[in-house]
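K.L.:
Below are the sequence and a predicted model for it; my questions follow.
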Amino acid sequence: MSTKDAATTTAPPAATPSRPALDEFGGTIGIGSARTIRAPWHGSSIPRVRVAVNQDLVARGVSEETLNEVALVVSELVGNALRHAEPLHDNTVRIHWTEKNGVVEVDVTDGGGETAPKPMPHAVFATSGRGLRIVRSLAHEWGVTDKKGTITVWASLGGPSRRRA
């Protein structure tokens with residue numbers, strides 16, 4: 001396959017007045033009140049998911065501060081899922097987000113793991129274990145939902161949550 005062929009098979013079609021822009025997961029950027037993507041169960045998905053979420057939220061006019069917080073939280077939650085859990089039945093991790101009036105709620109769903117997601121105790125010299133503590137420090141609310149063989153870790157950023165856990 002030539003370089004030109006590879007570029008045309010992986011890049012989403014350009015936006016036109018009759019066709020809105022699509023992200024690399026095939027979702028329409030900035031349309032509707034919510035988005036869901038399924039990313040391959042692979043570490044290379046983390047930056048791709050972060051870019052897709054960011055593109056969508058920029059199109060919705062979310063503040064730069066909230067964009068930065070969402071980027072960090074999405075990276076942590078997807079990274080934790082890949083490190084500590086099993087994939088969903090289709091070998092993916094599901095990322096869902098909503099935005100309303102600058103408040104962004106992000107859900108990351110995986111197939112569950114041996115332990116429940118929880119922040120680790122503070123340990124100055126630990127080389128890992130800070131992810132959910134970072135999420136907790138940035139989010140207005142966050143939580144874990146265990147349902148039918150899946151685990152969803154969610155966080156609300158940019159204002160008060162509309163979710164009731």
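P.N.:
It's in.
K.L.:
contacts and neighbour counts: CA atoms only from here.
P.N.:
OK.
K.L.:
tell me which strands and helices the longest helix anywhere in the chain is in contact with?
P.N.:
Counting residues, the longest helix found in the chain (DSSP state H) is helix 64-84. Packing partners of helix 64-84 (3 or more C-alpha pairs under 8 Å, 6 or more residues apart in numbering; DSSP states H and E): helix 45-59, strand 103-110, helix 131-138, strand 150-157.
K.L.:
now the ones you listed as CSV including mean neighbour count and mean pLDDT?
P.N.:
Putting the helices and strands packed on helix 64-84 into CSV (neighbours: other C-alpha atoms under 10 Å; pLDDT from 0 to 100) gives the following:
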stretch, mean neighbour count, mean pLDDT
helix 45-59, 18, 96
strand 103-110, 24, 96
helix 131-138, 18, 82
strand 150-157, 23, 94
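K.L.:
Against Ala85, how distant is the nearest residue to Trp41 once chain neighbours are set aside?
P.N.:
The shortest distance from Trp41 to any non-neighbouring residue, by C-alpha to C-alpha, 6 or more residues apart in numbering, is to Thr92 (4.7 Å). Separation of Thr92 from Ala85 (C-alpha to C-alpha, to the nearest Å): 11 Å.
K.L.:
Now for those two: what residues contact both?
P.N.:
By the contact definition C-alpha atoms under 8 Å, 6 or more residues apart in numbering, Thr92 and Ala85 are jointly contacted by Asp110.
K.L.:
I figured Asn54 hits Leu67, correct?
P.N.:
Yes. Contact criterion C-alpha atoms under 8 Å: Asn54 and Leu67 qualify, at 6.6 Å.
K.L.:
on that earlier part again, how much space is there between the residue nearest to Trp41 and Ser63?
P.N.:
Taken as C-alpha to C-alpha, the span from Thr92 to Ser63 is 29 Å.
K.L.:
Then Asp23?
P.N.:
Between Asp23 and Ser63 the distance is 20 Å, computed by C-alpha to C-alpha.
K.L.:
and these two? which has more neighbours close in?
P.N.:
Asp23 (20 against 13; other C-alpha atoms under 10 Å).
K.L.:
where does that one fall, phi/psi-wise?
P.N.:
Note on Asp23: its backbone torsions stand at phi -90, psi 180 [degrees, to the nearest 10].
K.L.:
which sections of this protein are below the confidence cut-off?
P.N.:
Applying pLDDT under 70 to the chain flags residues 1-19, 116-131, 161-165.
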